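Colleague: I'd like to go over a predicted model; first the sequence, then the structure.
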Amino acid sequence: MTNEIGFLLQMPAKGAAGAPASKYKLSEYGEVAIGRDRNCQIALESIAHGMVSRRHAAVRPLTQGNWTGWEICDLNSANGTYLNGQKLQGCQTLQTGDRISLGLDGPEFIFESSVTPHQNKPGFPATKTSNFEQREKDALTLTQLFPIASTGKQLSQKAYLYPGIATVVFVVSLFLAVGNSAAFNFLLSAYLAGAAYYFIYQLCGKHKPWWVLLGTALATVLILLSPLLIGFILVFREILPGRLPVQGEEISFLPFLIRMFFGAGLMEELLKALPVLGAMLLGNLLKNPWRDRIGVWEPLDGILLGSASAVGFTLLETLGQYVPNIIQNITLQAGPEAGQLVGLQLLIPRILGSAAGHMAYSGYLGYFIGLSALKPRKRWQILGVGYFSASALHALWNASGAISVLLLALVGVLSYAFLVAAILKARALSPNREQNFATRIFYEK
């Protein structure tokens with residue numbers, strides 16, 4: 001075997017002229033991973049290189065007969081790997097002098113080798129490496145024929161294996177539930193709500209046990225089914241000016257908005273926040289690792305639990321109130337088949353809209369609950385701003401539907417924008433942001 005030695009020379013960052021370059025020796029027996037993950041062989045600082053993925057790229061040895069070389073492979077990074085200014089697709093063999101960039105303007109490395117000359121470049125004749133490259137292109141391996149044999153943990157980490165399994169299970173369950181409208185509606189709404197929540201979970205990028213999230217949703221359902229709801233209705237809709245308009249009552253926009261603020265915003269957001277506040281208090285009473293798993297210690301915890309609480313609220317409200325009511329009304333007018341069809345038509349937009357509705361308001365309020373845990377001296381100020389702003393968004397959504405569909409859509413987009421902005425800021429504030437698995441396009445300040 002040719003005794004070749006390969007290196008990666010890390011170029012100094014822009015604005016760091018005169019700084020020494022770092023040199024990393026490549027392995028002839030295993031890959032050298034580059035990224036922000038501390039387990040990478042070339043680990044980059046998260047703060048300085050926020051555009052780099054946790055496992056961004058890898059340099060792997062290639063062996064053919066008596067010849068050895070290396071290739072650079074992109075590991076499905078968020079911002080891509082560039083080789084000599086061209087975005088890398090998959091893997092490519094390295095030549096001496098090749099410039100590797102992690103992201104278009106990210107950290108840059110130069111590949112150096114004691115044997116491999118510049119290939120296919122003006123002024124350099126073809127050598128043995130061209131034969132090696134041809135053999136490499138023609139080689140056929142077992143993992144190329146059976147890709148599943150080499151994917152390993154990437155199936156679950158990068159290929160959305162678990163959501164795929166859940167989808168298959170729900171599809172089979174839906175087939176079994178055909179003819180049973182109640183079971184079909186429940187399964188469909190649970191799947192759609194889970195998909196919407198999974199989207200928010202991926203944006204947050206923080207691991208939280210599934211049973212904690214499910215428990216939060218179930219706790220909200222139990223609160224709504226308990227006598228506590230009657231007390232909330234009495235306070236917010238009878239004592240406070242939150243009485244909902246009766247059918248046929250004419251009311252202008254501003255009084256209607258005020259009623260929605262008290263009778264829907266303040267009341268429902270407090271109801272949904274109770275399990276989140278309960279998890280915060282419970283976490284304070286427990287010891288690690290349970291206190292970290294269950295408790296609310298940062299804004300991301302609050303967003304995850306607040307959004308989970310909203311899932312429980314949305315499912316019970318949709319399946320227990322809106323869908324049965326419209327099915328009953330349409331059935332009396334046009335028959336049971338028409339009633340079931342209209343009920344299904346209402347179910348889908350209500351559940352999908354929860355990402356820009358109940359999950360947006362409750363997740364946004366959860367951000368402030370988590371922020372109050374980080375800044376306990378400002379707790380009441382933080383909670384007050386979060387509670388009233390989330391309630392205002394909620395009321396605006398309820399009231400805008402009476403004005404126009406376009407205004408309703410605008411408020412929905414605004415609510416979703418508030419939630420996403422809170423998630424991005426929560427990721428920046430997170431004490432554990434180095435372990436965050438969400439896609440990082442840039443480092444938030």
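Modeller: Perfect, I can see it now.
Colleague: so who does V296 touch?
Modeller: Going by Cβ atoms under 8 Å, 6 or more residues apart in numbering, V296 touches 276, 279-280, 283, 302, 305, 366, 369-370, 373. C-betas here are computed from N, CA, C, even on glycine.
Colleague: which residues does F253 contact?
Modeller: By Cβ under 8 Å, 6+ apart, the contact list for F253 reads 399, 402-403.
Colleague: got the phi/psi numbers for it?
Modeller: When read as degrees, to the nearest 10, the backbone of F253 gives phi -60, psi -50.
Colleague: try the one 10 residues further on
Modeller: The main-chain torsion angles of G263 are listed as degrees, to the nearest 10 and equal phi -80, psi -20.
Colleague: isn't it right up against G242?
Modeller: Yes: if you go by Cβ atoms under 8 Å, G263 and G242 touch, sitting 2.8 Å apart.
Colleague: about what we covered before: show me which pair in the contacts of V296 is furthest apart.
Modeller: G283 and G366 (13.9 Å; Cβ to Cβ).
Colleague: quick one: which of those two has more around it?
Modeller: Between G283 and G366, counted using other Cβ atoms under 10 Å, G366 has the larger neighbour count: 34 against 18.
Colleague: So the more buried one is in contact with V276, correct?
Modeller: Yes: with contact defined as Cβ under 8 Å, G366 and V276 form a contacting pair (5.5 Å).
Colleague: Now for these two: what residues contact both?
Modeller: Counting by Cβ under 8 Å, 6+ apart, the contacts common to G366 and V276 are 296, 302, 305-306, 309.
Colleague: shaky segments in this structure?
Modeller: Residue ranges of the chain with pLDDT under 70: 1-4, 14-21, 65-67, 114-143, 149-159, 434, 439-445.
Colleague: Let's check: the centremost residue of it is which one?
Modeller: By Cα atoms, centre = their mean, the chain has its centre lying nearest to Q202, at 1.5 Å.
Colleague: Now do the helix or strand containing that residue: distance to the chain's middle.
Modeller: Assessed by DSSP states H and E, Q202 sits inside helix 181-204. Remark: helix 181-204 is offset 15 Å from the chain centroid, using Cα atoms, centre = their mean, to the nearest Å.
Colleague: Check which helices and strands it sits against.
Modeller: For helix 181-204, the elements it packs on are helix 161-177, helix 299-317, helix 336-352, helix 358-374, helix 405-429, judged by 3 or more Cβ pairs under 8 Å, 6 or more residues apart in numbering; DSSP states H and E.
Colleague: next structured bit after that helix?
Modeller: The helix or strand immediately downstream of helix 181-204 is helix 210-225, counting by DSSP H and E.
Colleague: Beyond that following helix, next helix or strand please.
Modeller: Next along from helix 210-225, by DSSP H and E: helix 228-233.
Colleague: can you pull the buried residues of the helix or strand that that next one is followed by?
Modeller: Sequence order places helix 253-260 as the next helix or strand after helix 228-233, per DSSP H and E. Buried residues in helix 253-260, counted by 16 or more other Cβ atoms under 10 Å: 256-257, 259-260.
Colleague: how is the protein carved up into domains?
Modeller: Here the domain parsing of the chain from automatic domain parsing is 6-149, 160-435.
Colleague: re the thing from before, could you export the contacts of F253 as CSV, including neighbour count?
Modeller: Formatted as CSV, these follow (neighbours: other Cβ atoms under 10 Å):
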residue, neighbour count
A399, 24
A402, 15
I403, 13
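Colleague: Turn those into a markdown table, including secondary structure and distance to L9.
Modeller: As requested, the contacts of F253 are arranged in a markdown table below (DSSP: H, G, I helix; E, B strand; the rest coil; distance: Cβ to Cβ, whole Å):
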| residue | secondary structure | distance to L9 |
| --- | --- | --- |
| A399 | helix | 62 |
| A402 | coil | 65 |
| I403 | coil | 63 |
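Colleague: can you redo these as JSON lines with distance to T220?
Modeller: JSON lines is the format used below for the contacts of F253 (distance: Cβ to Cβ, whole Å):
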{"residue": "A399", "distance to T220": "24"}
{"residue": "A402", "distance to T220": "27"}
{"residue": "I403", "distance to T220": "29"}
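Colleague: Of those, just say which sits nearest to Q86.
Modeller: I403 (51.8 Å).
Colleague: Ramachandran angles for the closest one?
Modeller: Main-chain dihedrals, I403, degrees, to the nearest 10: phi -90, psi -60.
Colleague: For it, list the residues it contacts.
Modeller: Counting by Cβ under 8 Å, 6+ apart, I403 touches F253.
Colleague: Tell me how far it lies from I100.
Modeller: Distance of I403 to I100, computed by Cβ to Cβ, to the nearest Å: 55 Å.
Colleague: ditto for R350
Modeller: Taken as Cβ to Cβ, the span from R350 to I100 is 49 Å.
Colleague: Can you get me a residue count around G384?
Modeller: 12.
Colleague: Equivalent analysis for the one 3 residues further on, please.
Modeller: Using other Cβ under 10 Å, Y387 has 18 other residues around it.
Colleague: isn't it right up against E268?
Modeller: No: using Cβ under 8 Å, Y387 is not in contact with E268, being 11.6 Å away.
Colleague: if we can go back for a sec, generate CSV for the helices and strands packed on helix 181-204, with distance to N185 as supplementary columns.
Modeller: Formatted as CSV, the helices and strands packed on helix 181-204 follow (distance: least, Cβ to Cβ, whole Å):
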stretch, distance to N185
helix 161-177, 9
helix 299-317, 10
helix 336-352, 6
helix 358-374, 18
helix 405-429, 23
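Colleague: For R36, which of those is the nearest?
Modeller: Closest approach to R36 among these is made by helix 405-429 (13.8 Å; Cβ to Cβ).
Colleague: Give me the three-state assignment for T63.
Modeller: Counting by DSSP: H, G, I helix; E, B strand; the rest coil, the backbone at T63 sits in strand.
Colleague: Would you check how far apart it and P299 are?
Modeller: 49 Å.
Colleague: So for these two, which sits in the more crowded spot?
Modeller: More neighbours surround P299 than the other of T63 and P299, with 29 against 14 (other Cβ under 10 Å).
Colleague: Pretty sure that one sits against P431.
Modeller: No: if you go by Cβ under 8 Å, P299 and P431 don't touch, sitting 10.5 Å apart.
Colleague: Check the contact lists of those two and give me the overlap.
Modeller: Joint contacts of P299 and P431 (Cβ under 8 Å, 6+ apart) are L374.
Colleague: Now do L244 against G412, distance only.
Modeller: Look at L244 and G412: by Cβ to Cβ, they are 21 Å apart.
Colleague: count of neighbours near E250?
Modeller: Under the neighbour criterion other Cβ under 10 Å, E250 is assigned a count of 6.
Colleague: Also G164?
Modeller: 11.
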